[in-house]
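*Asks:* what follows is a predicted structure for the sequence shown.
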Amino acid sequence: MTIRAVALTVCLALPGMPASAEDIAPDLSLATRDLDPAALDAARRYFAMPAMQGLSATRHAPAAIARNVESNLPEGAMTPAQRDAFLAIVIEEFAALKAEHDETTVRVLAHVYTAEELEALIAFERTALGRRIAEKRPVYSVLVKDATASLRRDALARVMVRFTGQPMEPTE
């Protein structure tokens, strides 16, 4: 296995957050029956707001996900035809996953926030200042995701150099 393959394996295993859900809320239940109905209703209304819909669309654009997957495929792992077929499947699967992900996001909102807190978020985002802030959420989300991914990639490169004594092979 090459250093790049090891690095790729580690990168794919890195979580999006430093702690797992079990570390944060070991008794986490996102079953609808376990959530406060008022919080669930408020979460649905909050998630339906334009900024949250924009964030969802930005985070879950199947073509963007496919580009990310493609950029992580090892060189020569597939023929061009296989790669195209594989990426078409990725796009199809992630397009189908969006509705499920959105519903999960609503349940997480209802788990984390009270109905009162969600109502306050909705009211704030209906103000001029709140709308301006909310409109920036998708841009913020993408920029912070990219910036932190870059930081993790750089840290992994340093780990691999320290571990192997050799610089990582270029990724492009």
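*Replies:* Thanks, I have the structure now. This one's a predicted model, so the numbers in the text were calculated from it and none came from an experiment.
*Asks:* just checking, what packs against the longest helix anywhere in the chain?
*Replies:* If you go by DSSP state H, the chain has its longest helix at helix 128-164. Contact here means 3 or more CB pairs under 8 Å, 6 or more residues apart in numbering; DSSP states H and E; on that basis helix 128-164 packs against helix 3-13, helix 50-59, helix 115-125. Heads up, the C-betas are built off the backbone N, CA and C, glycines and all.
*Asks:* in it, which residues are buried?
*Replies:* Gly130, Ala134, Pro138, Leu156, Met160 (16 or more other CB atoms under 10 Å).
*Asks:* same thing with stretch 91-102?
*Replies:* Within stretch 91-102, the residues that count as buried by 16+ other CB under 10 Å are Ile91, Phe94, Lys98, Asp102.
*Asks:* which of these sits closest to Arg44?
*Replies:* Nearest to Arg44, judged by CB to CB, of the buried residues of stretch 91-102 is Asp102 at 10.0 Å.
*Asks:* so what's the closest one up against?
*Replies:* Neighbouring residues of Asp102 by CB atoms under 8 Å, 6 or more residues apart in numbering: Phe47, Ser56, His60.
*Asks:* quick check, nearest of the residues you listed to Leu73?
*Replies:* Closest to Leu73 out of the contacts of Asp102 is His60 (20.3 Å), distances taken as CB to CB.
*Asks:* cheers, nothing more for now.
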